[in-house]
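**Student:** The following block contains a protein sequence and its predicted model.
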Amino acid sequence: MILKLLENKRLTIGLLVVFMLIYPFLVGNSNYFMTLFVITCIYAITSMSLNLLIGYGGQISVGHAGFLTVGGYSVAILSSTVGLPFFLALPLAGIMTGSIGLLIGLPAVRLKGHFLAVATLGFGLSIPQIVLNWDGLTGGYSGLAVTKPLMFGSDFSLFYVFVVITVIITWLIQNIVKSSLGRAFIAIRDSEVAAQAIGINISFYKTTMFVISSFFTGIAGGIYGYWVGFVSPNDFIITNSFLVLAMIVVGGLASIPGSIIGAVLFSVIPHFTDSYIGITNIVIGIAVVLIILFKPDGIVSLFKMNKQKLVKPAGKGELLVQGGEKENANI
Amino acid sequence: MQIIVSGLIFGCIYGLAALGLVLIYKTTDLVNFAQGEMAMVTTFVSFTFLSQFEMGYTTSFLLALLFAAVFGAIVHQGIMKRLQSAPPLNQLVVTLGLFMVFNGLAGLIWGHKPAGYPQAIKGDSIKMGSVFFTPNEIFVMGITLTLMLIFFVIFRYTKVGLAMRASAQDIKASQLMGIKVTNVFTATWAVGAILGGVAGMMTAPITFLDTHMMFDVLIMAFAAAVLGGFLSLPGAVVGGLIIGVFENLIAFYLSPELKLVYTFLLIIIVLYIRPQGIFGGTQSVKKV
């Protein structure tokens, strides 16, 4: 019954928006729960951008936490050291992260599958090290403080700004996926040779994919910086990259709602398990293993079941995803 | 020279762990991220044998390897077998999930306090030319090269190796030819876990025994495997040696903090020039 109701897209989205608007009142303006929500938003943006790259584009990245760190530090440097206002610093942080994404995207054009995974893994591992050792710019071990924007007096209004930004980014990514850009990504994922044959410039689109993905992730990192008011080298390490990867696979590859579900799930689990030390990782790990064993297409396939039976009798969606991955396996 | 030699020792350990990765990848077409944590658990088990039951080094070493084999087989039979035909990304994420589970469980069972771990062979260092070797280092090098040779020969020249290669190419066809593919895969997982376990027990005396000790080794093993082309067993060891030596040289001459960054820079440059790795064959283009 509830599942059927949720299939009504407008109703679901409407309910979600209402929930986000009244959330601070539901939790009694508690700082802890609002932080939990903002962290969920950050992971939602990150997992959507990663899903754009992996789910739609077929390009694996195991170092997305690196982009989060870059975004967070960009905001810190731009707001505290340079003194730029919020509405300039946040997009600029995205652009700075996007240009780093361009640098990573260039070699990535030539690499596939595990080779790409290692290149991005190296990126994700290196960023915290570089940040740690570049004392002059980043403050090394002690991290950097972020000047909170003055125009929003309290965390309360900042919360709504971030919620709006998250909604806008979700809408943007949804539109990118549906545009010719998104179709080009999907074509490249399904077969590079075929995509090339119909006139898609593969290297251009692959690089674009990395730039777009890292741009949004950078903004997510910036949101983190502004919300917490402080960035340090160990905020986003390689385990966070793994976690985001788990989010999109558990939530559902090539699915925007899937990314959000995954992000919510893995941001909320630590809330329940943190009181028992050392349990969090075990619970998350078991959840990952069980969900993939029993729902290989991710949690989102629970909601799509009825529709798929009507439109795709042969389980076409599954084939599509596999097609993209097969290429990786074929090297 | 001494720097290069100690780099070679680390390289051997990376190579050993990479051997396990490549072996599993070559046969079952999947990258096992849980490899390092399985090795860590194995090392802890051997440590338990050593300290709690006060057995000799050799006995606990062998018992731990036996445990590793069973452990690998159980992981495959219990979990990975069901994912044989799942998309590779799903398999990869499951191994990441296992990684977290094993790491958490080991933390619960053995605690997070680092402990010392004995070397395989004790003794004073031997001088050869201008370089000092400890007997343990020679042992590490010897065991790496021996294991690499053994598996290379098994994979290339024996019936078991043929079955492994056939299952890697086409599961259905090999089943029709009478190969028990699942058994072959389970055996591969057992052997992969043994190789990881050996690497773990070689690492522990150098880094101290704790739940995170294999993480860096796993990352470097992964990098070594990729550098070697991911399909070649000697490639994995050579990749490990290159990374070990390079890392040590950077740490000595440039900066010890940034050795990881430079190592990955080297890997990215190598991959940019040769996208299929040093020992990788020609790249196959998928037919449309």
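**Tutor:** Ah, there it is. Numbers count the residues shown, from 1 in each chain, chains lettered A, B, ... in the order given.
**Student:** where does B:K127 land in three-state SS?
**Tutor:** strand (DSSP: H, G, I helix; E, B strand; the rest coil).
**Student:** And it, how close does it get to chain A?
**Tutor:** 36 Å (C-beta to the nearest C-beta, to the nearest Å). For the C-beta atoms, the positions are set from N, CA and C on the backbone; glycine is no exception.
**Student:** Can you give me the buried ones in stretch B:145-157?
**Tutor:** B:147-148, B:151-152, B:154-155 (16 or more other C-beta atoms under 10 Å in any protein chain shown).
**Student:** Kindly apply the preceding question to stretch B:256-276 instead.
**Tutor:** Neighbour-count burial for stretch B:256-276, counted by 16+ other C-beta under 10 Å, picks out B:258-264, B:266-268, B:270-271, B:274-276.
**Student:** So for that stretch, mean pLDDT?
**Tutor:** For stretch B:256-276, mean pLDDT is 80.
**Student:** What lies in contact with that stretch?
**Tutor:** Residues from elsewhere that reach stretch B:256-276 (C-beta atoms under 8 Å, 6 or more residues apart in numbering or on different chains): A:107, A:110-112, A:115, A:118-119, A:121-123, A:125-126, A:129-130, A:132-133, A:331, B:220, B:223, B:226-227, B:229, B:243, B:246-247, B:250-251, B:254, B:277-278, B:280, B:282-283.
**Student:** Over to stretch A:86-96?
**Tutor:** By C-beta under 8 Å, 6+ apart, stretch A:86-96 touches A:70-72, A:74-75, A:78-79, A:82, A:84, A:149, A:151-152, A:165, A:215-216, A:218-219, A:221-223, A:225-226.
**Student:** Show me just the buried residues among the residues you listed.
**Tutor:** A:70-72, A:74-75, A:78-79, A:84, A:149, A:152, A:165, A:215-216, A:218-219, A:221-223, A:225-226.
**Student:** thinking again about what came up before, show me the contacts of stretch A:86-96 that map onto helices.
**Tutor:** A:70-72, A:74-75, A:165, A:215-216, A:218-219, A:221-223, A:225-226 (DSSP state H).
**Student:** which sections of the chain are below the confidence cut-off?
**Tutor:** No chain specified, so I'll use chain A. A:1-8, A:150-153, A:277, A:304-331 (pLDDT under 70).
**Student:** That was the other one, I meant chain B.
**Tutor:** If you take pLDDT under 70 as the line, chain B has these spans: B:120, B:123-124, B:129, B:280-288.
**Student:** where along it do the strands fall?
**Tutor:** B:126-128, B:131-133 (DSSP state E).
**Student:** which one of the ones you listed is the most hemmed in?
**Tutor:** strand B:131-133 (a mean of 15; mean count of other C-beta atoms under 10 Å in any protein chain shown).
**Student:** ok and the residue in the stretch 1-150 of chain A nearest chain B?
**Tutor:** A:G122 (2.9 Å; C-beta to the nearest C-beta).
**Student:** Show me just the buried residues among the contacts of stretch B:256-276.
**Tutor:** A:107, A:110-112, A:115, A:118-119, A:121-123, A:125-126, A:129-130, A:132, A:331, B:220, B:223, B:226-227, B:229, B:243, B:246-247, B:250-251, B:277-278, B:280.
**Student:** Tell me which residues touch the spatially closest residue to B:L92 that is not a sequence neighbour, please.
**Tutor:** Of all residues not flanking B:L92 in the chain, B:V31 sits nearest, at 5.7 Å (C-beta to C-beta, 6 or more residues apart in numbering or on different chains). When contacts are counted by C-beta under 8 Å, 6+ apart, B:V31 touches A:114, A:117, B:21, B:24-25, B:88, B:91-92, B:95, B:222.
**Student:** So B:V31 versus B:Q84, what's the distance?
**Tutor:** 15 Å (C-beta to C-beta, to the nearest Å).
**Student:** go on, B:I268?
**Tutor:** Following C-beta to C-beta, the distance that separates B:I268 from B:Q84 is 32 Å.
**Student:** ok, now A:L15?
**Tutor:** Where B:Q84 is concerned, A:L15 sits at a distance of 40 Å (C-beta to C-beta).
**Student:** Also A:Y23?
**Tutor:** 43 Å.
**Student:** And stretch B:175-192, what's buried?
**Tutor:** Buried residues in stretch B:175-192 (16+ other C-beta under 10 Å): B:179, B:181, B:184-192.
**Student:** is it possible to export the residues you listed to CSV including distance to B:Y117?
**Tutor:** As requested, the buried residues of stretch B:175-192 are exported to CSV (distance: C-beta to C-beta, whole Å):
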residue, distance to B:Y117
B:I179, 39
B:V181, 37
B:V184, 33
B:F185, 31
B:T186, 29
B:A187, 28
B:T188, 27
B:W189, 25
B:A190, 23
B:V191, 23
B:G192, 22
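**Student:** Among the residues you listed, name the ones in helices.
**Tutor:** B:181, B:184-192.
**Student:** Mind putting those into a markdown table with distance to chain A?
**Tutor:** Output for these, formatted as a markdown table (distance: C-beta to the nearest C-beta, whole Å):
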| residue | distance to chain A |
| --- | --- |
| B:V181 | 17 |
| B:V184 | 18 |
| B:F185 | 15 |
| B:T186 | 17 |
| B:A187 | 21 |
| B:T188 | 17 |
| B:W189 | 15 |
| B:A190 | 20 |
| B:V191 | 20 |
| B:G192 | 16 |
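**Student:** Of those, which is the nearest to A:G285?
**Tutor:** Comparing these against A:G285 with C-beta to C-beta places B:W189 closest, at 18.1 Å.
**Student:** Isn't that closest one up against B:Y25?
**Tutor:** No. B:W189 is beyond contact range of B:Y25, at 11.6 Å (criterion: C-beta atoms under 8 Å).
**Student:** ok, B:Q91 touching B:M80?
**Tutor:** Yes. Contact criterion C-beta under 8 Å: B:Q91 and B:M80 qualify, at 7.1 Å.
**Student:** any common contacting residues for the two?
**Tutor:** B:L30.
**Student:** ok, back up a step: who's in contact with the residue of the stretch 1-150 of chain A closest to chain B?
**Tutor:** Contacts of A:G122 (C-beta under 8 Å, 6+ apart): A:63, B:223, B:263-265, B:267-268.
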